[in-house]
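**Student:** coords below, sequence missing:
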């Protein structure tokens, strides 16, 4: 297989109704794929942040009584993170299917979207939720942040 960049051939993307047969359709699909890729990257960073916060809270809370309260909250938080993971996985597989159309423009859109998503969301993923002083601890080469 080889990449093509032709607009004259009709390309179906993911669904029967989402097809590219004009420059206008390619332009719209290009930006839609960028948005999907940015969302996928945002979800990935959010899930990583949630995992780090959960591990930090478990490390920070040594008492048995606090552990039981934290465990009840953790079950709900784990359900939320599982649903976010499901959405992130769905978007990642949809992006893979877009890449398998072998349309060069859409492949470039995936690269741009993932790069922009990381560039925009990585710096703000942690600092937006950290009030006051930031205390970090290094456990097995990972930094964890105390959320107060």
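**Tutor:** Yep, that arrived. Model, not experiment: these values are computed from the prediction.
**Student:** residues contacting residue 7?
**Tutor:** Applying Cβ atoms under 8 Å, 6 or more residues apart in numbering to residue 7 gives the contacts 20, 21, 22, 23, 26. C-beta: built from backbone N, CA, C; applies to glycine.
**Student:** Now for this protein, the helix or strand with the poorest mean pLDDT.
**Tutor:** Ranked by mean pLDDT, DSSP states H and E, the weakest helix or strand in the chain is strand 136-139, scoring a mean of 47.
**Student:** after the longest helix seen in the chain comes which helix or strand?
**Tutor:** Taking DSSP state H as the criterion, the chain has its longest helix at helix 23-60. Later in the chain than helix 23-60, the nearest helix or strand by DSSP states H and E is helix 64-99.
**Student:** Give me the residue ranges of the chain where confidence is low.
**Tutor:** Along the chain, segments meeting pLDDT under 70 span 56-71, 125-148.
**Student:** and the longest strand belonging to it, what does it pack onto?
**Tutor:** Counting by DSSP state E, the longest strand found in the chain is strand 15-20. When contacts are defined as 3 or more Cβ pairs under 8 Å, 6 or more residues apart in numbering; DSSP states H and E, strand 15-20 sits against strand 11-13, helix 23-60.
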